[in-house]
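Asker: give me a model of this one.
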Amino acid sequence: MFATLFIYSCSMKWMSLTWILSCIFIAYMANSIWTIYCLFYPTPCQPNTQCLKSFLETNPKLQIWVYTSLRNRVSAESQLQLVTTFDNLAITDEIERKVNISIPKKTQNNGTLFLHIFLVPQGVLSPFSSPWKQHQHSSLTTYIIPQAETFNLMGSENKLNNTQKQHPDSTVSHWRSHITLSIMEDEMSFGLSSIPNEIHQFISIYKNAYLPVLYVDELSYRIRDLLPINNTVTKLPLTITYRPISVGKLRLWINMQLSMSQLQALGFTEKDTDEIKGIFADTNLYLLLLTFMVAAFHMLFDVLAFKNDISYWRNRKTMVGLSTRTVVWRCISTFIIFLYLLDEETSMLVLIPSGLGAIIELGSASEKERQTKEFDLQAMKYLSYLLYPLCLCGAVYSLIYTPHKSWYSWTIKSMVNGVYAFGFLFMLPQLFVNYKVSHHDNDR
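Answerer: Numbers count the residues shown, from 1 in each chain. Predicted coordinates for the structure are as follows:
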């Protein structure tokens, strides 16, 4: 019954843009929920079909060997440097081990170093002599632009020492100080024609069963975990964490990792994707699903708010009863906040809505009304006695006691502090205008 009413309401000719957006949103949410359900509950192997069973059903004793190498593809143990082993590993164990890695000269000079992980039966002398093995590799180094250092603008010593370090043009090799390994713990049987696409690439068959799925979690490391590498570094710490992973979470993580790669291909930086990864790496799975729901509604409300703002200013023909300076202030403050976010190299996911809001506010400040302007000027006269000295004192305090990246950064941050600290005071001109307009109408 509900579905019928929903389809009927969405197909009505007189429906508004809000209805269209709401219908699209509901369809998107329904599809997302169904997709997530299918990820966590894949189609099991049906009776009377060819099934591929899990090798874990035999309760094998397992061992993990961890190596480093300058190569991403290896064919002999001589190309590897042993780091550590995990002996008598149980799938359900959770292990954290800290080791120190020797850094080769090539890696010190902006080269790459890879971590190679082998999952083998317990007791083998070498992964290359094992009857079966699962192998994954991951880069221990990544290349990012270092964050610009801040310094006290009034301190000449710090300024001389740090001016040349600001805004480097080239990327620098950084060390991943944390890496997470996982094995899929679900002992599921798959039909030969219905193996999920996400884990198909990890499937290896041995004695008519698929071997344990070994996975390196690329979503677990954050930019804050990275350490810069230079030619004086000989050893760096590495924390290796092992934890089991469910088939649903594994498929979700693989899809998210693919999405991160696609975002970077579209021009998003690693800092942008790092903020998204933080949602997954630092959040409980159930809280993550709740976050997804809240983010989806937030996106809908953002779109509807932009649409209502545009409609309001398009249909309004006069500024009577509106404080022109308050409208202009909203425009300027939104633009200042946008510049501040840009200076702080904030994620594009935040910059884009902020930029759209600044454009809408800019359009709303293009009209004037003479009668309202007189009341507005009177209100702003009294407000300026308090506003300007406070803004000036705050800017001077920030200049003396707070480090900044540059004079431009200090200027923008001071303006933003004024926006945040005193923005609420700009409600007063609107209240004053409302009172004056109402009083003027009553006198008539």
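
Asker: all contacts plus neighbour counts: C-alpha atoms, from now on.
Answerer: OK.

Asker: could you pull out the strands in the stretch 151-300 of the chain for me?
Answerer: For the stretch 151-300 of the chain, the strands defined by DSSP state E, counting those that start in this stretch cover 172-176, 178-183, 190-191, 205-206, 209-210, 214-217, 226-228, 235-242.

Asker: what does the stretch 1-150 of the chain give?
Answerer: Going by DSSP E, counting those that start in this stretch, the stretch 1-150 of the chain shows strands at 51-54, 62-69, 81-89, 95-102, 114-121, 134-139, 141-144.

Asker: given the third one, what are its sheet partners and their directions?
Answerer: Translated: strand 81-89. Strand 81-89 has its sheet partners listed here by DSSP bridges as strand 62-69 (antiparallel).

Asker: and what of the first one?
Answerer: Strands adjacent to strand 51-54 in the sheet, as given by DSSP bridges, are strand 190-191 (antiparallel), strand 209-210 (parallel).

Asker: residues in contact with stretch 83-93: which ones?
Answerer: Stretch 83-93 has contacts (Cα atoms under 8 Å, 6 or more residues apart in numbering) with 61-68, 99, 101, 122, 183, 185, 242-244.

Asker: for that stretch, list the C-alpha coordinates in CSV.
Answerer: Output in CSV follows, covering the C-alpha atoms of stretch 83-93 (Å, rounded to 0.1, in the frame of the first residue of the first chain):
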residue,chain,number,x,y,z
VAL,A,83,60.6,-9.3,9.4
THR,A,84,58.5,-11.6,11.7
THR,A,85,56.3,-14.7,11.7
PHE,A,86,53.0,-15.4,13.4
ASP,A,87,53.1,-19.1,14.5
ASN,A,88,50.2,-21.4,15.3
LEU,A,89,47.8,-18.7,14.2
ALA,A,90,44.1,-19.2,15.0
ILE,A,91,41.7,-17.4,12.7
THR,A,92,39.8,-15.7,15.5
ASP,A,93,43.0,-14.4,17.2
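
Asker: turn the strands of the stretch 151-300 of the chain into JSON lines, including distance to residue 341 and mean neighbour count.
Answerer: Output for those, formatted as JSON lines (distance: least, Cα to Cα, whole Å; neighbours: other Cα atoms under 10 Å):
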{"stretch": "strand 172-176", "distance to residue 341": "24", "mean neighbour count": "21"}
{"stretch": "strand 178-183", "distance to residue 341": "29", "mean neighbour count": "19"}
{"stretch": "strand 190-191", "distance to residue 341": "48", "mean neighbour count": "19"}
{"stretch": "strand 205-206", "distance to residue 341": "51", "mean neighbour count": "14"}
{"stretch": "strand 209-210", "distance to residue 341": "49", "mean neighbour count": "18"}
{"stretch": "strand 214-217", "distance to residue 341": "30", "mean neighbour count": "20"}
{"stretch": "strand 226-228", "distance to residue 341": "23", "mean neighbour count": "17"}
{"stretch": "strand 235-242", "distance to residue 341": "33", "mean neighbour count": "16"}
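
Asker: what residues are up against residue 417?
Answerer: Neighbour list for residue 417: residue 394 [criterion: Cα under 8 Å, 6+ apart].

Asker: doesn't it fall inside a helix?
Answerer: Yes. Residue 417: assigned to a helix according to DSSP: H, G, I helix; E, B strand; the rest coil.

Asker: follow-up on the earlier one: for the contacts of stretch 83-93, which one is nearest residue 200?
Answerer: residue 183 (14.5 Å; Cα to Cα).

Asker: need the per-residue pLDDT for the closest one.
Answerer: With respect to pLDDT, residue 183 has a value of 95.

Asker: same deal with residue 17?
Answerer: pLDDT recorded at residue 17 is 64.

Asker: likewise for residue 1?
Answerer: Reading off the model, residue 1 has pLDDT 43.

Asker: likewise residue 150?
Answerer: 60.

Asker: so where's this protein uncertain?
Answerer: 1-18, 21, 146-170, 279-289, 291-292, 295-330, 344-386, 404, 419-444 (pLDDT under 70).

Asker: let's see that with 50 instead.
Answerer: Residue ranges of the chain with pLDDT under 50: 1-3, 5-6, 8-9, 11-14, 156-167, 320-321, 366-372, 432-433, 437, 440-444.

Asker: element containing residue 408?
Answerer: When elements are assigned from DSSP states H and E, residue 408 belongs to helix 407-422.

Asker: which among the contacts of stretch 83-93 count as buried?
Answerer: The neighbour count (16 or more other Cα atoms under 10 Å) marks 62-68, 101, 122, 183, 185, 242-244 as buried among the contacts of stretch 83-93.

Asker: okay, those in CSV with distance to residue 115 next?
Answerer: Formatted as CSV, the buried ones among the contacts of stretch 83-93 follow (distance: Cα to Cα, whole Å):
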residue, distance to residue 115
62, 19
63, 16
64, 13
65, 10
66, 7
67, 6
68, 5
101, 10
122, 21
183, 17
185, 23
242, 14
243, 17
244, 19
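
Asker: between which two of those residues is the distance greatest?
Answerer: Checking the buried ones among the contacts of stretch 83-93 with Cα to Cα, the most distant pair is 101 and 185, at 29.2 Å.

Asker: returning to that earlier point: closest to residue 267 out of the strands of the stretch 151-300 of the chain?
Answerer: Closest among the strands of the stretch 151-300 of the chain, using Cα to Cα: strand 172-176, at 18.7 Å.

Asker: the closest one packs against which elements?
Answerer: strand 141-144, strand 226-228 (3 or more Cα pairs under 8 Å, 6 or more residues apart in numbering; DSSP states H and E).

Asker: for residue 46, find the nearest of the ones you listed.
Answerer: strand 141-144 (43.9 Å).

Asker: can I get that closest one in CSV, CA atoms only?
Answerer: Provided in CSV are the C-alpha atoms of strand 141-144 (Å, rounded to 0.1, in the frame of the first residue of the first chain):
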residue,chain,number,x,y,z
THR,A,141,55.9,4.0,1.6
THR,A,142,53.6,6.6,0.1
TYR,A,143,54.2,10.0,-1.4
ILE,A,144,52.5,13.1,-0.1
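
Asker: can you list contacts of it?
Answerer: Residues outside strand 141-144 that contact it (Cα under 8 Å, 6+ apart): 112, 113, 114, 171, 172, 173, 174, 175, 176, 270.

Asker: the fifth one against residue 110, yeah?
Answerer: Yes. Using Cα atoms under 8 Å, residue 172 is in contact with residue 110, at 7.0 Å.

Asker: overlap in contacts, these two.
Answerer: What both residue 172 and residue 110 touch, as defined by Cα under 8 Å, 6+ apart, is the set residue 229.
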